[in-house]
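# Next input, structure requested:
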Amino acid sequence: MRAASQHRFAGPAAVLALGIGAFSILAYTGADASGTQAAVSTAPADIAAGEVLYTEHCQSCHGVNGVGGNNGSPSLISVGAAAADFYLTTGRMPLNNPHDEPLRHHPYFTREEIIQLDAYINALPKINNVDVQGPTIPTVIPLCSPSVQANASRPPAGCVTLSEGQQFFSTNCAQCHHAAGSGGMLSKGNIVPSLHNASITEVMEAIRIGPKPMPIFGNNQLTDRQASAIAQYVQSLHYPAEPGGLGIGHFGPIGEGFVGIVIGLGALLVASRLMGNRG
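Numbers count the residues shown, from 1 in each chain. Okay, the predicted model is just below:
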């Protein structure tokens, strides 16, 4: 009798455990959202140190002085310090295989080494006698104080509001990154990353450089104020309010539907089995 009872619950328990495990993986973000940025260094010592790091870790793919590689690795001459800082700070570079999609990891280099590599890559146009300079590390406009945001009839100068950020995020970003910034999947296996672990500067850098498959948003698409508002709004998504109770990973209807199906239908299945066996 006891064996039969255990067998009766084995199926629903396995389904429930599998569902909880899958949702836990989806909800995991696993990175630090903090971080500050300094201006790009132009000190000769930093540029020289960055060149040494580049030669040791990057040149095999991107070529001497960033001219690009025969393996399909792009030129870095005019990508700018923003691109270097974004890919290095988020751990997307260096890659083991240049054909892999760069995904977020813990940074390979220390913050000091990243500053040095930023300085060297920022200097590549001058080293290669090229006039085209890519975007530099952006300065993000600060967030207005709560009192200013509450009383502002129109956006004040010198700071941005969360309402502005929500508006521009909904229009330009939510289609791929999800309304809650939880990320998702695109066609051909492209991954849209979660924004719950992105710093303010990383968001601003991504807007300006367009890490694939994300498009580039130049100043003619999003002004510095609009991009800053988006970056500040993304920070507010890191610790959203939960007036309804448990956030369920902040996946919105996906997480809520998952819980309803797995737990709700699971409970109904168990109850129906119990009632059926009594008859």
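# Work out for me the element R273 sits within.
Assigned by DSSP states H and E, R273 belongs to helix 266-278.
# List the buried residues for that helix?
Neighbour counts over helix 266-278 (16 or more other Cβ atoms under 10 Å) mark V270 as buried. C-beta coordinates here come from the backbone N, C-alpha and C atoms, glycine included.
# Who are the packing partners of it?
Packed against helix 266-278 by the contact rule (3 or more Cβ pairs under 8 Å, 6 or more residues apart in numbering; DSSP states H and E) you find helix 2-27.
# just checking, next helix/strand downstream of the helix it packs on?
Next along the chain from helix 2-27, counting by DSSP H and E, comes helix 44-57.
# Buried ones in that next one, by neighbour count?
So, applying 16+ other Cβ under 10 Å, buried residues of helix 44-57: D46, I47, A49, G50, E51, L53, Y54, H57.
# by contact count, what packs against it?
Secondary-structure packing of helix 44-57 (3+ Cβ pairs under 8 Å, 6+ apart): helix 111-122.
# Return the list of helices and strands in contact with the helix it packs on.
Right, helix 111-122 is packed against helix 44-57, helix 80-89 by 3+ Cβ pairs under 8 Å, 6+ apart.
# how about the ones you listed in TSV, adding distance to D224?
What follows is the helices and strands packed on helix 111-122, written out as TSV (distance: least, Cβ to Cβ, whole Å):
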stretch	distance to D224
helix 44-57	26
helix 80-89	13
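# So P135 sits against R208, correct?
Yes: between P135 and R208 there is a contact under Cβ atoms under 8 Å: 4.5 Å.
# which residues do these two both contact?
A82 (Cβ atoms under 8 Å, 6 or more residues apart in numbering).
# Centre of the chain to the helix holding R273, how far?
How far helix 266-278 lies from its chain's middle: 43 Å, per Cα atoms, centre = their mean, to the nearest Å.
# now the buried residues of helix 44-57 in TSV, with pLDDT and distance to A198?
Converted to TSV, the buried residues of helix 44-57 look like this (pLDDT from 0 to 100; distance: Cβ to Cβ, whole Å):
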residue	pLDDT	distance to A198
D46	97	25
I47	97	28
A49	98	27
G50	98	24
E51	97	29
L53	98	24
Y54	98	25
H57	95	24
